[in-house]
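Trainee: turn this into a model:
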Amino acid sequence: MNMPGVARIGSAAAADRGHTAIEGAPPHKTPERRREGLALEHGDVAREIGTDAAFEEIVGRSTTLRELLESVRDVAATDSTILLSGETGTGKGLLARAIHDLSSRRQRAMVTVNCGALPAGLVESELFGHERGAFTGALQRRIGRFEQAHRGTLFLDEIGELPLDGQVKLLGAVEEQEVERVGGSQPIRVDVRLVAATNRDLQTAVAAGRFRSDLFYRLNVVPLLLPPLRERTGDIPLLVQSFIEQFRRKLGKPLQGVSTESLRRLEAHSWPGNIRELQHVVERACVLARGRVVDVGASLLATAAATATTPGAAAGGFVTLEEHERAYVRRVLEATRGRIEGRRGAAAILDVHPSTLRSRLQRLGLAQPRWRDLAPAPSAESGTPS
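Mentor: A predicted model of the protein is given here:
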């Protein structure tokens, strides 16, 4: 699972026509002073998270993220197997790279295997290699991923997608620390540090018979859970500014920041696709921007929500029922501008009691106090309920 890289945070954008790149700068300061103050704040954040080069692509300052990175520091120096769990788009690939870069194996290779992309009949050949003539089409010897990662790190991404017969073969290699190429007869000793990642609940998969329990316990030595973006909304302004700086260079536009109203919309969105979804939304807004201030309109977020709830948005072809419910309820709230009760309120549209809806909003993480400020105003032409 590859999350697009996040640029290191630099100084923030200047204010433009009353808009600030990130809300919170004292209003009496000049744009230059606001830039200076925000840059210092980012420097403080960098020191709090750490100056390790391994973390330079990881943006954020939330308590949840800090605690996670502290755990990464603690376990990276060991050779223990690590299982990274979290929703799609939360940055498991970046964290795996950080673990490798902080380990004693950093001078060796980190080899990544996307288990979800391995053809069922070629799992063994990909992981362990094959000898020339081992099967039709094997015109030369191939070194497998385990051998390529010898004395380095082997990152098994989307491990939950590995078919059962492949899980059996992987378990043997993990237990014995040796592999045998397809068509070969001699076992080959390998010294690899395993980091696996999944966006699925492997314990549920074990109970359902879709994942081997013995392999799960072999991989789950040090479990690390990556928080979804909705649980670290305080990092959204930093991520947004980082993406804007990235696309400013890529697009060659004089982009400086995002409008305050746009930032409020972004902070209120549920982000079922997490950081990857945020990056794509900001990129589309940057492409459409005509001035220095980037505006993220409600239509862009509506498109993102529709995409996130389309079959195929998550690994395996579908999002979870809760993710689908969260995106749909949010769209209703945006349409009603946060109104819960009344003939045109969200509860009436969803056909539930207002108190039931409020409880559901708490469960879905949508209990925002500023819905009327965050949602777009209805237009008389569209007939949107007010």
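
Trainee: excluding residues flanking it in the chain, which one is nearest the most centrally placed residue in the chain?
Mentor: The chain has Thr90 as the residue nearest its centroid, 1.9 Å off, counting by Cα atoms, centre = their mean. Nearest non-adjacent residue to Thr90, counting by Cβ to Cβ, 6 or more residues apart in numbering: Leu226, 4.2 Å away. Using the backbone N, CA and C atoms, a C-beta is placed for each residue, glycine as well.

Trainee: that neighbour contacts Leu94, doesn't it?
Mentor: No: the criterion here is Cβ atoms under 8 Å, and Leu226 misses it with Leu94 at 9.6 Å.

Trainee: these two: which is more packed in?
Mentor: The residue with more neighbours, out of Leu226 and Leu94, is Leu226; 24 against 21, by other Cβ atoms under 10 Å.

Trainee: how many residues are close by Lys253?
Mentor: 17.

Trainee: quick check, pLDDT for it.
Mentor: Reported pLDDT at Lys253 in the predicted model: 93.

Trainee: pull the contacting residues for it.
Mentor: Contacts for Lys253 (Cβ atoms under 8 Å, 6 or more residues apart in numbering) come out as 247, 286, 289.

Trainee: using a markdown table, please lay out the residues you listed together with pLDDT.
Mentor: Listed next are the contacts of Lys253 as a markdown table, based on pLDDT from 0 to 100:
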| residue | pLDDT |
| --- | --- |
| Phe247 | 93 |
| Cys286 | 93 |
| Ala289 | 91 |
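
Trainee: in helices, which of the residues you listed appear?
Mentor: The helices, defined by DSSP state H, take in 247, 286 from the contacts of Lys253.

Trainee: how far away is Ile99 from Glu175?
Mentor: Using Cβ to Cβ, to the nearest Å, Ile99 is found at 22 Å from Glu175.

Trainee: which of these two has more residues huddled nearby?
Mentor: Counting neighbours by other Cβ under 10 Å for Ile99 and for Glu175 shows that Ile99 has the greater number, 26 against 11.

Trainee: what are the phi and psi values for the more buried one?
Mentor: phi -60, psi -40 (degrees, to the nearest 10).

Trainee: wait, it sits on Thr153?
Mentor: Yes: here Ile99 reaches Thr153: they are 7.3 Å apart, a contact under Cβ under 8 Å.

Trainee: only the buried residues of stretch 58-72, if you could.
Mentor: 58-62, 64-65, 68-69, 72 (16 or more other Cβ atoms under 10 Å).

Trainee: got it, and stretch 123-140?
Mentor: So stretch 123-140, judged by 16+ other Cβ under 10 Å, has buried residues 123-131, 134.

Trainee: of the residues you listed, which is the nearest to Ala327?
Mentor: Comparing the buried residues of stretch 123-140 against Ala327 with Cβ to Cβ picks out Val123 as the nearest, at 34.1 Å.

Trainee: the closest one looks like it's in a helix, true?
Mentor: Yes: counting by DSSP: H, G, I helix; E, B strand; the rest coil, Val123 is part of a helix.

Trainee: poorly predicted segments of the stretch 201-350 of the chain, please.
Mentor: Scanning the stretch 201-350 of the chain for pLDDT under 70 picks out 303-322.

Trainee: at 80 instead, please
Mentor: 299, 302-328, 331, 334-335, 337 (pLDDT under 80).

Trainee: ranges for the strands of it?
Mentor: 222-225, 257-258, 293-294 (DSSP state E, counting those that start in this stretch).

Trainee: right, and the ones you listed - which one's nearest Ile340?
Mentor: Nearest to Ile340, of the strands of the stretch 201-350 of the chain and by Cβ to Cβ, is strand 257-258 at 28.5 Å.

Trainee: so what strands line up beside that closest one?
Mentor: Each strand paired with strand 257-258, and its direction, by DSSP bridges: strand 293-294 (parallel).

Trainee: stretch 289-301: end-to-end distance?
Mentor: Terminal residues of stretch 289-301 are spaced 15 Å apart (Cα to Cα, to the nearest Å).

Trainee: what's the offset of it from the middle of its chain?
Mentor: 22 Å (Cα atoms, centre = their mean, to the nearest Å).

Trainee: same deal with stretch 157-172?
Mentor: 23 Å.

Trainee: repeat that for stretch 147-154.
Mentor: 25 Å.

Trainee: now swap in stretch 211-222 and tell me
Mentor: Distance, centroid of stretch 211-222 to centroid of chain: 23 Å (Cα atoms, centre = their mean).

Trainee: who's in contact with it?
Mentor: Here stretch 211-222 makes contact (Cβ under 8 Å, 6+ apart) with 75, 78, 80-83, 156, 159-160, 164, 167-168, 170-171, 174-175, 194, 196, 202-203, 205-206.

Trainee: swap in stretch 172-189?
Mentor: 81, 124-125, 127-135, 138, 141-142, 144, 146-147, 190-192, 194, 215, 218-219.

Trainee: mind saving the C-alpha coords of it as CSV?
Mentor: The C-alpha trace of stretch 172-189 is given here as CSV (Å, rounded to 0.1, in the frame of the first residue of the first chain):
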residue,chain,number,x,y,z
GLY,A,172,7.7,-21.6,6.8
ALA,A,173,10.1,-19.0,5.6
VAL,A,174,9.4,-16.8,8.6
GLU,A,175,9.9,-19.7,11.1
GLU,A,176,13.0,-21.2,9.6
GLN,A,177,14.6,-18.0,8.2
GLU,A,178,15.4,-19.9,5.1
VAL,A,179,13.9,-20.2,1.6
GLU,A,180,14.2,-22.6,-1.3
ARG,A,181,13.9,-21.4,-4.8
VAL,A,182,11.2,-22.9,-7.0
GLY,A,183,13.0,-25.7,-8.9
GLY,A,184,15.9,-25.7,-6.4
SER,A,185,17.0,-28.3,-4.0
GLN,A,186,19.2,-26.4,-1.5
PRO,A,187,17.7,-24.2,1.3
ILE,A,188,19.1,-20.7,1.5
ARG,A,189,19.6,-19.0,4.8
